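In: Predicted model, plus sequence, below.
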Amino acid sequence: MDGQRQAADLEDVRRVLAGDTAAFEGIVRRWQGPLVNMAYRYCRHPGRAEEWAQEAFLRAFRFLDRWRQDAAFSTWLFTVAANVYRSEARRVRPPEVPLAADRQRPGPADLAAEVEAGEREEIVRRTVCSLPAKYRDALVLFYFHDQDVAEVARTLGLPQGTVKAQLHRGRALLKDRLAKVFGPQEDTEAA
């Protein structure tokens, strides 16, 4: 599937650069879901995530001729998107919500476990979003978008060693912050 997607991306890019701007629709169709998901990880607001993804596509369209084809198109597109999202996130700070205040006590035991798991996941996601940008970006791409260290490095334009250090420090920060919410016994399971 990845080979087919890469071939389709390459063909659409060639067509757009040759003047067939309608070919960009194929790129949008293939990558809209992943870019909106990625934006949502930054802003936690569905409408804003769609706007940010649209801005990322506009930026990619404008600078399509700058893709050097030495990396996969998706890597280049995610790099463009990450840059847009970081800029937008600096402009629009999400409201800070105390993590402990969000916890509600569930009712029946079977429902309680499901609700608690959802709450835990949301708390972890909010905590990741509250990390400094250099750690958050690396963690989001690595864990939520299943990129390996090399892909994260290409996406962020950093050496792999720097990405490894940011992941290490980001996990340590995340572990400390989650320990304050869940207690020291549960932090490794949540992270």
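Out: Looks like it came in fine.
In: Could you chop this protein up by domain?
Out: 2-91, 101-190 (automatic domain parsing).
In: Now render those domains as a markdown table, adding mean neighbour count.
Out: Heads up, the C-betas are built off the backbone N, CA and C, glycines and all. A markdown table is the format used below for these (neighbours: other CB atoms under 10 Å):
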| stretch | mean neighbour count |
| --- | --- |
| domain 2-91 | 16 |
| domain 101-190 | 16 |
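In: For these, which has the smallest mean pLDDT value?
Out: Of all the domains of the chain, the minimum mean pLDDT falls on domain 101-190 (a mean of 77).
In: so where do the helices sit in this structure?
Out: 2-17, 24-43, 46-62, 73-91, 109-130, 133-139, 149-156, 160-182, 187-190 (DSSP state H).
In: How far does the third one sit from its chain's centre?
Out: Centre-to-centre, helix 46-62 and its host chain are 13 Å apart (CA atoms, centre = their mean, to the nearest Å).
In: Next: the longest one.
Out: A distance of 16 Å separates the centroid of the chain from that of helix 160-182, by CA atoms, centre = their mean.
In: same for it, what does it pack against?
Out: Contacts defined by 3 or more CB pairs under 8 Å, 6 or more residues apart in numbering; DSSP states H and E place helix 160-182 against helix 109-130, helix 133-139, helix 149-156, helix 187-190.
In: Using CSV, list the CA coordinates for it.
Out: Below are the C-alpha coordinates for helix 160-182, written out as CSV (Å, rounded to 0.1, in the frame of the first residue of the first chain):
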residue,chain,number,x,y,z
GLN,A,160,18.6,11.6,14.9
GLY,A,161,20.6,12.0,18.1
THR,A,162,18.8,15.2,19.0
VAL,A,163,15.4,13.4,18.4
LYS,A,164,16.5,10.6,20.7
ALA,A,165,17.5,13.1,23.4
GLN,A,166,14.2,14.9,23.0
LEU,A,167,12.2,11.7,23.2
HIS,A,168,14.2,10.6,26.3
ARG,A,169,13.7,14.0,28.0
GLY,A,170,10.1,14.2,26.9
ARG,A,171,9.3,10.8,28.4
ALA,A,172,11.0,11.8,31.6
LEU,A,173,9.0,15.0,31.9
LEU,A,174,5.8,13.1,31.0
LYS,A,175,6.6,10.5,33.6
ASP,A,176,7.1,13.2,36.3
ARG,A,177,3.9,15.0,35.4
LEU,A,178,1.8,11.8,35.2
ALA,A,179,3.2,10.7,38.6
LYS,A,180,1.6,13.8,40.1
VAL,A,181,-1.8,12.9,38.7
PHE,A,182,-1.8,9.1,38.9
